[in-house]
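Participant: When you get a sec, could you give me coordinates for this:
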Amino acid sequence: MLLFFGFAVFTGLLAGALPAWVLSSFKPAEILKNIGLNRLFGNLNLRRSLIVFQLVLSLVTCIFLLSFYRQFEHMGRKADYDHRTANVMSIPLNGAEAPLLQRELANLGAVRRTASASANIGRRNDNSINVNDTRLNYWAADTGIVSLLKLQLVAGRNNVQPNEALINEKAVAALGYKRPDDALGQSVRVNDSTQMTIAGVLRDFMYENVGRNLAPLIIANEGTPQRYLLVQTQGNRAQSARLANEVWSGLYPAQAFEFSWLDEDIRQRNSQADTVSQISYLAFMTIVIAALGLLAMVIYTTETRRREISIRKVMGANVRHLLWLLSKGFVKLLIIAGGIALPLGYVLSALFLQNFADRASIGIGSLLLCLGHHAAHCTQRRAVANMAGGISESGRQSPK
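Facilitator: Predicted structure coming up:
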């Protein structure tokens, strides 16, 4: 509360400092003599610069928000998770025995397959091991993981035995083999202490976040303890979850049953809805602030030019000519702001997208869409201010 109060006082003093400094420099005699012709900031260069800065900031925010949204929408659409994770329930084991739980769940008609694994698909894999002095990502999983996630074998078999492992195509190249068949039956040294035989090669599949580069992977049923039980269900999801809860409660009544649906979990993580909502709020605020600043400048300029507007109207100027007369200066400001913000927003968006291996394109259409929306929003405010603040006033005031 003290910080908020201090910030409010500081902002208020700062906001009043510039007008106080300008007004204190006025000469009373000149002000009273030409009260309708004085301009607080002369040619308004300072205020124009502030307006351009606000427009640039709001436009860059819009471009970045659109790039952010398109990237995560692209990730959710292009990822090949959907056909692998449909109706797959992920249950954190939290110390529970996976084989016992699998046997009990297999008796349920709503359960098709089960598999235990050390990590969930779609999440970052933090486990890695040295295989023949090459660092590979590592999954500990039983043989049911291949059929449950619909993984495709390129060569070999998937029913691995103790001291056997599966690798993906990336791992084939990383280990120095030319073809998948060349890797079959090869004995590899794991962490300089264990020998494993390559039993099969899997076609590359997206097992981490889609924004990361696909890395070499080895899957074995030993080593890292399995932390999740993946259950492929059929029929009504709510009923399947209820039946699984009953089985868990019968085996582990003292532990709460936790689960999530993999497809929903991945979709929510890829959409980044909360972050998009926060950035959208910030973008809305910057646009409103920039538009209000522009509106204030339009009203002030119109007020100081009422006599000129009245003379032009008496001389036959129509509404369209007066509107362009009052708006052309602000159109220039918007063009200048667009000339600065478009390349700057493009560069910042490109730098942000460099964090993702599979990224969406920014595109000239996205930039023009942001600029068009921004121009329409600001132009609407200008038109309202011009018509209400300038032209209507000119009808009531006539030159002397």
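Participant: Report pLDDT for G250.
Facilitator: G250 carries a pLDDT value of 91.
Participant: and it, how far is that from T304?
Facilitator: As for G250, its distance to T304 is 82 Å (criterion: CB to CB, to the nearest Å). (Each C-beta comes from the backbone N, C-alpha and C, glycine too.)
Participant: what about those two, which has more around it?
Facilitator: T304 (15 against 9; other CB atoms under 10 Å).
Participant: Okay, that one and L326: tell me how far apart.
Facilitator: Taking CB to CB, one finds T304 at 11 Å from L326.
Participant: A86 now?
Facilitator: In terms of CB to CB, A86 sits 59 Å off from L326.
Participant: More neighbours: which of these two?
Facilitator: Taking other CB under 10 Å, A86 and L326 do not tie; L326 has more neighbours (23 against 13).
Participant: now for the strand or helix carrying that one, which elements pack on it?
Facilitator: Assigned by DSSP states H and E, L326 falls within helix 319-353. When contacts are defined as 3 or more CB pairs under 8 Å, 6 or more residues apart in numbering; DSSP states H and E, helix 319-353 packs onto helix 45-78, helix 273-304, helix 306-314, helix 364-385.
Participant: The closest residue to V276 other than its chain neighbours - how many residues pack around it?
Facilitator: Nearest residue to V276, sequence neighbours excluded (CB to CB, 6 or more residues apart in numbering): Y69, at 5.5 Å. Using other CB under 10 Å, Y69 has 19 other residues around it.
Participant: is it true that Y69 touches T275?
Facilitator: No: between Y69 and T275 there is no contact under CB atoms under 8 Å: 9.7 Å.
Participant: Rounded mean pLDDT for stretch 123-134, please.
Facilitator: Mean predicted lDDT for stretch 123-134 stands at 82.
Participant: Can you give me the buried ones in it?
Facilitator: Residues of stretch 123-134 classed as buried: 123, 125, 129, 131 (neighbour count, 16 or more other CB atoms under 10 Å).
Participant: Equivalent analysis for stretch 98-105, please.
Facilitator: Of the residues in stretch 98-105, 98, 101-102, 104-105 count as buried by neighbour count, 16+ other CB under 10 Å.
Participant: now, which of those lie within helices?
Facilitator: 98, 101-102, 104-105 (DSSP state H).
Participant: Give me the neighbour count for L262.
Facilitator: Residues near L262, counting by other CB under 10 Å, number 24.
Participant: ignore the last one, S280
Facilitator: 15.
Participant: Now do the same contact list for the residue nearest to the spatial centre of the chain.
Facilitator: Centroid-nearest residue in the chain, with CA atoms, centre = their mean: F68, separated by 4.0 Å. By CB atoms under 8 Å, 6 or more residues apart in numbering, F68 lies in contact with 272, 275-276, 279, 352.
Participant: any idea which of these is closest to R203?
Facilitator: Q272 (28.7 Å; CB to CB).
Participant: Leaving out the residues flanking it, which one is nearest to R312?
Facilitator: Once flanking residues are discounted, R312 sits nearest to L322: 6.5 Å by CB to CB, 6+ apart.
Participant: Listing request: residues of this structure with sub-threshold pLDDT.
Facilitator: Along the chain, the model assigns pLDDT under 70 to residues 22, 26, 29-44, 76-83, 210-211, 223-225, 271-273, 357-358, 363-400.
Participant: and it, what are its domains?
Facilitator: 24-77+271-396, 83-270 (automatic domain parsing).
Participant: For stretch 153-163, output the C-alpha coordinates as PDB.
Facilitator: Output in PDB follows, covering the C-alpha atoms of stretch 153-163 (Å, rounded to 0.1, in the frame of the first residue of the first chain):
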ATOM      1  CA  LEU A 153       8.500 -49.300 -36.000                       C
ATOM      2  CA  VAL A 154      11.000 -48.700 -38.800                       C
ATOM      3  CA  ALA A 155      13.000 -51.800 -38.000                       C
ATOM      4  CA  GLY A 156      13.200 -54.500 -35.400                       C
ATOM      5  CA  ARG A 157      10.600 -55.300 -32.700                       C
ATOM      6  CA  ASN A 158       9.000 -53.500 -29.800                       C
ATOM      7  CA  ASN A 159       8.700 -56.200 -27.200                       C
ATOM      8  CA  VAL A 160      12.100 -55.400 -25.600                       C
ATOM      9  CA  GLN A 161      13.600 -57.700 -23.000                       C
ATOM     10  CA  PRO A 162      15.900 -56.700 -20.100                       C
ATOM     11  CA  ASN A 163      19.000 -55.000 -21.300                       C
END
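Participant: Sounds good, over and out.
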